[in-house]
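Asker: Return atomic coordinates for the entry below.
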Amino acid sequence: MNTPSVTSRKRPQRTRWFVALVASLAMISAACSGSSGEAVTEDVETEAVETTDARAPEDETAEEDSTDDADDDAAEDGDSASVDEELITIEADDGPSSTFASSAMGGVRFEVPDTHTLLVTGDQLLVSTAEGLVVGDDGVSFAAVALTSQLSSGTPIETAEEYLAAAEAADVDIVPTGTKIELLGYELVGYNMEGDKDLFTFANDRRGAPVESGFGPGENAIEFVGTTPSGVLTAIASNPGGSLDDWLPTLGTLVASIEFTGSGLDPALPDGEAIQFADEGPPPPAAEASEDPDGLPPLGEPFSPIDPGRYEFLNFGLSVSIDVPGDWFVQPNFPGVVVLTRAGSIGPGDRDIVFLNDIRELVPIGGGPIQAGDALSVDDIEAIISDPPPGAIIDNVERFDLTAPNGSATRVIAFDFTGDPSAACSLDEPCDFALVTPYGFVKKLLSTSDQRIWFFPEHPTGPAAAVAQNSQGTDFIAEASAVIATLELSR
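Answerer: All right, here's what the predicted structure looks like:
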């Protein structure tokens, strides 16, 4: 199964953030080698779950035909020739749902139950509960649809046979269910997956693009797998320690509603076509620390929980102080980028505030990512606000000054930024964007999230921003706004 990777059962946020940012933070490895290098990543353990009609019958022909030898052959060969698969329809959730558009997989539109939240990473659409990932002693519960075209090592994955062979090489037991589904015009064959943890076997990122995040087969889920011209299409439901009946309807909503808005599944990216965000040098330096022995404590270590209270942090290039509520975490905390998340955050783009220095451009992006239009300089942010690029919606603009104790003021422009839900989210009609720095770090502004941006056009190290992102079913923008309202210049 595709199990979201976590560092510990107590702090599931840490590793998904860590893995997703490894490539970007390599540019500032000198700053982070002392902390993040010690992170231990692992997948959550899971155990057997209840059989549903989407799984193999226990005492009928499918089991009789699937002898131990046939199971081994199916795992090796990636097909289930010994099983006459039954085409099934996964019943969708019967509650209200919301429609989203994304540049993943070349441009898709799909629905997610209103009781759940969504994280889009590369070509993976992952649905969790509104409270975040359900992580227990048995593992993680979720539903997902993904296109996989490379291993985390960068090795291409082109067929279901290669996908299953890679899973088997990671000591995953693969048992055909005797069922199959149709998804986006392709037939996907069902398998029960039983494996181990500590795996980042498959990349979420498109073949030809740098690998920034990955996932691995874990223990006990149902996964439907099929070959496409662009890689391997998968649909997954996981509910370790409980009944799959609780999560198959969520997957059913995804499968029943997803449709292409572009030309179909994007192929692998030709060499040089993926956006290679510039790495022109080190990030801006941190502000000078206060010499007052009775001053505020510094923000905590990267990738760690933080006690509620008021803190000073310097890696935003300004000496600023801020109140941090309870049950929050510090994620990256390095010169040029500081990230705070609320408990329950699934990963980048879900219930986080990202402080980013020296922003140069706003770039429309398609799946891959591929640049999907002209980059806009943020030197004239007012021009972007008054005339947003196609596919972007900017609203609720506010302007105010932050005043330091010495009387100096810093101008702030706050606004909501969302992708146009009616856009195709294709290369020709983008709805996803990225704020780009010259030192290799970017902040993606996805149409599947709501964003509130506090922009600092006169920041001493170049234009900077604090970006809060909200997922469906949460009220994080309001929470983040309350936190930003406590932001003060320390001196």
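
Asker: From here on, just use CA atoms for contacts and neighbour counts.
Answerer: Noted.

Asker: out of everything not next to it in sequence, what's closest to Ala143?
Answerer: Spatial nearest neighbour of Ala143, chain neighbours left out: Ala237 (4.5 Å); criterion: CA to CA, 6 or more residues apart in numbering.

Asker: For beta bridges, what are the partners of the one you found?
Answerer: The residues listed as beta-bridge partners of Ala237 by DSSP bridges are Ala143, Ile222.

Asker: Surely it is in contact with Leu251?
Answerer: Yes. Between Ala237 and Leu251 a contact is recorded at 6.2 Å, counting by CA atoms under 8 Å.

Asker: any shared contact partners between these two?
Answerer: 143-144 (CA atoms under 8 Å, 6 or more residues apart in numbering).

Asker: before we move on, the earlier item: contacting residues around the residue nearest to Ala143?
Answerer: Ala237 neighbours (CA under 8 Å, 6+ apart): 1, 141-144, 221-223, 244, 247-248, 251.

Asker: Sketch out the low-pLDDT regions of the chain for me.
Answerer: Within the chain, the ranges that satisfy pLDDT under 70 run 1-83, 132-139, 195-200, 216-220, 266-280, 290-291, 293, 473, 490-491.

Asker: What residue spans form the domains of it?
Answerer: Domain assignment for the chain, taken from automatic domain parsing, gives 5-260, 304-489.

Asker: any chance of those domains in a markdown table, plus distance to Ala287?
Answerer: Shown next, in a markdown table, are these (distance: least, CA to CA, whole Å):
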| stretch | distance to Ala287 |
| --- | --- |
| domain 5-260 | 14 |
| domain 304-489 | 5 |
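
Asker: Compare these and report which one is nearest to Pro284.
Answerer: domain 304-489 (5.7 Å; CA to CA).

Asker: For Tyr163, which non-adjacent residue is spatially closest?
Answerer: Nearest non-adjacent residue to Tyr163 (CA to CA, 6+ apart): Ile157, at 6.3 Å.

Asker: thought the one you found was touching Ser149?
Answerer: Yes. At 4.7 Å, Ile157 counts as touching Ser149 under the criterion of CA under 8 Å.

Asker: okay, those two: which has more neighbours?
Answerer: Using other CA atoms under 10 Å as the criterion, Ile157 and Ser149 rank with Ser149 on top: 29 against 22.

Asker: Compute the distance between that one and Pro176, please.
Answerer: 22 Å (CA to CA, to the nearest Å).

Asker: for the stretch 51-200 of the chain, what spans make up the strands?
Answerer: Remark: strands assigned in the stretch 51-200 of the chain by DSSP state E, counting those that start in this stretch are 86-87, 97-102, 108-113, 116-121, 124-129, 134-136, 139-148, 173-183, 186-194.

Asker: Who are the packing partners of the third one?
Answerer: The contact analysis (3 or more CA pairs under 8 Å, 6 or more residues apart in numbering; DSSP states H and E) places strand 108-113 against strand 97-102, helix 248-257, strand 259-260.

Asker: Mind putting these into CSV with distance to Arg206 and mean neighbour count?
Answerer: Shown next, in CSV, are these (distance: least, CA to CA, whole Å; neighbours: other CA atoms under 10 Å):
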stretch, distance to Arg206, mean neighbour count
strand 97-102, 15, 20
helix 248-257, 21, 22
strand 259-260, 17, 19
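
Asker: Would you convert the ones you listed into CSV that also reports distance to Phe455?
Answerer: CSV is the format used below for the helices and strands packed on strand 108-113 (distance: least, CA to CA, whole Å):
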stretch, distance to Phe455
strand 97-102, 25
helix 248-257, 35
strand 259-260, 34
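
Asker: Which one, of the ones you listed, ends up nearest to Ser319?
Answerer: strand 97-102 (36.8 Å).

Asker: May I have the strands that pair with the closest one, each with its orientation?
Answerer: In the sheet, strand 97-102 lines up against strand 108-113 (antiparallel) (DSSP bridges).

Asker: related to what we said a few turns ago, quick check, nearest of the contacts of Ala237 to Gly440?
Answerer: Nearest to Gly440 among those: Ala144, at 28.8 Å, using CA to CA.

Asker: need the contact list for that closest one.
Answerer: By CA under 8 Å, 6+ apart, the contact set of Ala144 is 2, 124-127, 234-237, 251, 254.

Asker: Can you classify Asp245 by secondary structure?
Answerer: Taking DSSP: H, G, I helix; E, B strand; the rest coil as the rule, one finds Asp245 in the helix state.

Asker: neighbours around it, how many?
Answerer: Neighbour number of Asp245 under other CA under 10 Å is 18.

Asker: got the phi/psi numbers for Pro325?
Answerer: Phi and psi for Pro325, reported as degrees, to the nearest 10, are phi -70, psi 180.

Asker: Leaving out sequence neighbours, find the closest residue to it.
Answerer: Pro325's closest residue in space is Pro308 (CA to CA, 6+ apart), at 4.8 Å.

Asker: Show the contacting residues for that neighbour.
Answerer: Contacts were defined as CA under 8 Å, 6+ apart; by that measure Pro308 touches 323-328.

Asker: out of those residues, which are buried?
Answerer: The neighbour count (16 or more other CA atoms under 10 Å) marks 323-325, 328 as buried among the contacts of Pro308.

Asker: Just name the closest of those residues to Ile381, please.
Answerer: Distances from Ile381 to the buried ones among the contacts of Pro308, taken by CA to CA, are shortest for Asp323, at 27.5 Å.

Asker: Quick check: bridge partners of that closest one?
Answerer: Bridge pairing for Asp323 - DSSP bridges - gives Arg310.

Asker: That one and Thr486 touch, don't they?
Answerer: Yes. Using CA under 8 Å as the test, Asp323 is close enough to Thr486 to be in contact (5.9 Å).

Asker: how many neighbours does Glu182 have?
Answerer: 17.

Asker: The residue positioned nearest the centre of the chain and Phe456: what is the separation?
Answerer: Taking CA atoms, centre = their mean, the centroid of the chain lies closest to Thr121, which sits 3.5 Å from it. Going from Thr121 to Phe456 by CA to CA gives 27 Å.

Asker: And for Arg342?
Answerer: Going from Arg342 to Phe456 by CA to CA gives 23 Å.

Asker: List the contacts of the residue nearest to Ser422 when sequence neighbours are not counted.
Answerer: Leaving out its chain neighbours, the residue that sits closest to Ser422 by CA to CA, 6+ apart is Ala101, at 7.8 Å. For Ala101, the contacting residues are 107-110, 421-425, 431, 447-448, by CA under 8 Å, 6+ apart.
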